[in-house]
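Q: this one's structure only:
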């Protein structure tokens, strides 16, 4: 998306928010069938525009980083120029490697992120720095499927061996000391949490006709990255949210301790305030956010104060989430969507304490045997991940009575 497209999407969002607010004001939240349909349509439009805006901003940021890297490389060209013999062979791009895997020239390949490949010609003659990889594209799509991978702390490792993360379970304490009195020892209590690598896999089918198109009309790297990224992303973020931690990643929702509402079928603003204050101030002062399913936000965004003013604060800054009680609100489709007994309807806290590991890169294989009769190639992607909440004091959840 161009900057103009992003601005247009943000304008559409502001208009939709205004229309939604007018609808609720006019009806006081009591809709007939047609009004209910309009309300749902506006909410869906706002959510869709949010995704467009965020994807557009991420694209602009990636482009900016690439341009800055190119300029830096140009400034250092004399220092980084390669001998003629070193420039004779170009390193293959991820797209070229992927085509060779799919066509059978390569049996398999592991892709990793944060590569920066130099072209064979000097920058002044058209060489450039490749800004993204297939792994990065997969992760970008993965981030669209939930908030765990977007707000958590990401660790990328070459292998999937167990990885130990230090955890402070109790801090040192100070005490008042009399003159010439002895200072008592108070050491922090330490523990460890372990990150492993649990394998996720997805398969996408590609017809032979598309594979035969070696030109620019079929972006095979983009197609495979988007399809497999979305598939892996949905499952990964589900585990990052609700994983049990037993032979699978530990999700932040299951790991957090909870506060119980007074009613099984309602959420009040007072209970949300209590949820916020159940988290220690040190975490509230950092990047704490409120997280819930869209079905829950559908109810919460209608809450009003004693002056009949909405407590929900629509964002007026391009690409930034809305706010409630001054905190950003994020939607995660992996959370419970119904307000009924026992449902975990909301989470508040600093999600950077959720550590997520991408282990061993992205392995891609291809086979024509399974779909031999349909002349299709099956492309399989395997990615190992894990997650663990390193500090249960940083995140709390709201549970319906």
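A: Received the coordinates, thanks. Owing to the predicted nature of the structure, the values given are computational and were not obtained by experimental measurement.
Q: so residue 197 touches residue 158, yeah?
A: No: using C-beta atoms under 8 Å, residue 197 is not in contact with residue 158; the gap is 11.0 Å. The way it works is simple: take the backbone N, C-alpha and C, and place the C-beta from them, glycine included.
Q: more neighbours: those two, which one.
A: With neighbours defined as other C-beta atoms under 10 Å, residue 197 and residue 158 compare such that residue 197 has more, 20 against 10.
Q: returning to that earlier point: now list whatever residues contact both of residue 197 and residue 158.
A: Shared contacts of residue 197 and residue 158, defined by C-beta atoms under 8 Å, 6 or more residues apart in numbering, comprise residue 360.
Q: and residue 337, what does it touch?
A: Listed by C-beta under 8 Å, 6+ apart, the contact set of residue 337 reads 293, 294, 295, 296.
Q: count of residues packed around the first one?
A: A count of neighbours around residue 293, defined by other C-beta under 10 Å, yields 19.
Q: in stretch 148-168, which residues are buried?
A: 148, 149, 150, 151, 152, 160, 163, 167 (16 or more other C-beta atoms under 10 Å).
Q: and after the lowest-mean-pLDDT helix or strand in the chain, which helix or strand comes next?
A: Ranking every helix and strand in the chain by mean pLDDT, DSSP states H and E puts helix 77-80 at the bottom, with a mean of 54. Sequence-wise, the next helix or strand downstream of helix 77-80 (DSSP states H and E) is helix 94-102.
Q: where in the protein is pLDDT low?
A: Residue ranges of the chain with pLDDT under 70: 1, 70, 73-90, 114-132, 168, 171, 213-218.
Q: helices along that one, start to end?
A: Remark: helices assigned in the chain by DSSP state H are 3-27, 33-75, 77-80, 94-102, 134-143, 148-151, 208-212, 220-242, 252-255, 269-277, 281-284, 294-300.
Q: break this protein into its domains for me.
A: Annotated domains of the chain cover 79-130, 135-156+196-293+332-399 [automatic domain parsing].
Q: and the longest one, how far apart are its ends?
A: So the one you mean is domain 135-156+196-293+332-399. 37 Å (C-alpha to C-alpha, to the nearest Å).
Q: compare the domains of the chain and give me the one nearest residue 53.
A: Comparing the domains of the chain against residue 53 with C-beta to C-beta, the closest turns out to be domain 135-156+196-293+332-399 (12.1 Å).
Q: indicate which one of the domains of the chain is closest to residue 314.
A: When the domains of the chain are compared by C-beta to C-beta, domain 135-156+196-293+332-399 sits nearest residue 314, at 14.6 Å.
Q: thinking again about what came up before, what's the closest of the contacts of residue 337 to residue 389?
A: Of all the contacts of residue 337, residue 293 has the smallest distance to residue 389: 19.3 Å, by C-beta to C-beta.
Q: residue contacts, residue 152?
A: By C-beta under 8 Å, 6+ apart, the residues touching residue 152 are 240, 252, 351, 352, 354, 355, 356, 387.
Q: from residue 327, how far off is the nearest residue to residue 112 once chain neighbours are set aside?
A: Distance criterion C-beta to C-beta, 6 or more residues apart in numbering; nearest residue to residue 112, sequence neighbours excluded, is residue 361 at 4.1 Å. From residue 361 over to residue 327 the distance is 35 Å, taken as C-beta to C-beta, to the nearest Å.
Q: of those two, who's got more company?
A: With neighbours defined as other C-beta under 10 Å, residue 361 and residue 327 compare such that residue 361 has more, 23 against 18.
Q: returning to what we had before: out of the contacts of residue 337, flag the one nearest to residue 225.
A: Out of these, the member with the shortest distance to residue 225 (by C-beta to C-beta) is residue 294, at 25.9 Å.
Q: can you count the residues close to the closest one?
A: Neighbour tally, residue 294, other C-beta under 10 Å: 16.
Q: list the contacts of the residue nearest to it when sequence neighbours are not counted.
A: Excluding its sequence neighbours, the residue lying closest to residue 294 (C-beta to C-beta, 6+ apart) is residue 331, at 5.0 Å. Residues in contact with residue 331 (C-beta under 8 Å, 6+ apart) are 47, 147, 291, 292, 293, 294, 297.
Q: just list whatever residues bridge to the third one.
A: In this case it means residue 291. Counting by DSSP bridges, residue 291 is bridged to residue 330, residue 347.
Q: tell me the contacts of it?
A: When contacts are counted by C-beta under 8 Å, 6+ apart, residue 291 touches 147, 329, 330, 331, 332, 335, 346, 347, 348, 351.
Q: what do you get if the cut-off is 10 Å, keeping everything else the same?
A: Neighbour list for residue 291: 146-148, 151, 241, 252-253, 297, 328-332, 334-335, 346-349, 351, 395, 397 [criterion: C-beta atoms under 10 Å, 6 or more residues apart in numbering].
Q: go on, the first one?
A: Contacts here follow C-beta under 10 Å, 6+ apart; on that basis residue 47 touches 13, 16, 294, 297, 331.
Q: against residue 291, how distant is it?
A: To residue 291, residue 47 is 15 Å away according to C-beta to C-beta.
Q: now swap in the second one and tell me
A: Separation of residue 147 from residue 291 (C-beta to C-beta): 6 Å.
Q: joint contacts of those two?
A: Shared contacts of residue 147 and residue 291, counting by C-beta under 10 Å, 6+ apart, come down to 241, 252, 330, 331, 332, 334, 335, 347, 351.
Q: of all the residues you listed, which comes closest to residue 310?
A: Closest to residue 310, out of all of the shared contacts of residue 147 and residue 291 and judged by C-beta to C-beta, is residue 331, at 17.8 Å.
Q: still on that earlier bit, of the contacts of residue 152, buried ones?
A: For the contacts of residue 152, buried by 16+ other C-beta under 10 Å: 240, 252, 351, 352, 354, 355, 356, 387.
Q: can you list these in JSON lines and add distance to residue 91?
A: Shown next, in JSON lines, are the buried ones among the contacts of residue 152 (distance: C-beta to C-beta, whole Å):
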{"residue": "240", "distance to residue 91": "33"}
{"residue": "252", "distance to residue 91": "39"}
{"residue": "351", "distance to residue 91": "37"}
{"residue": "352", "distance to residue 91": "35"}
{"residue": "354", "distance to residue 91": "35"}
{"residue": "355", "distance to residue 91": "32"}
{"residue": "356", "distance to residue 91": "29"}
{"residue": "387", "distance to residue 91": "33"}
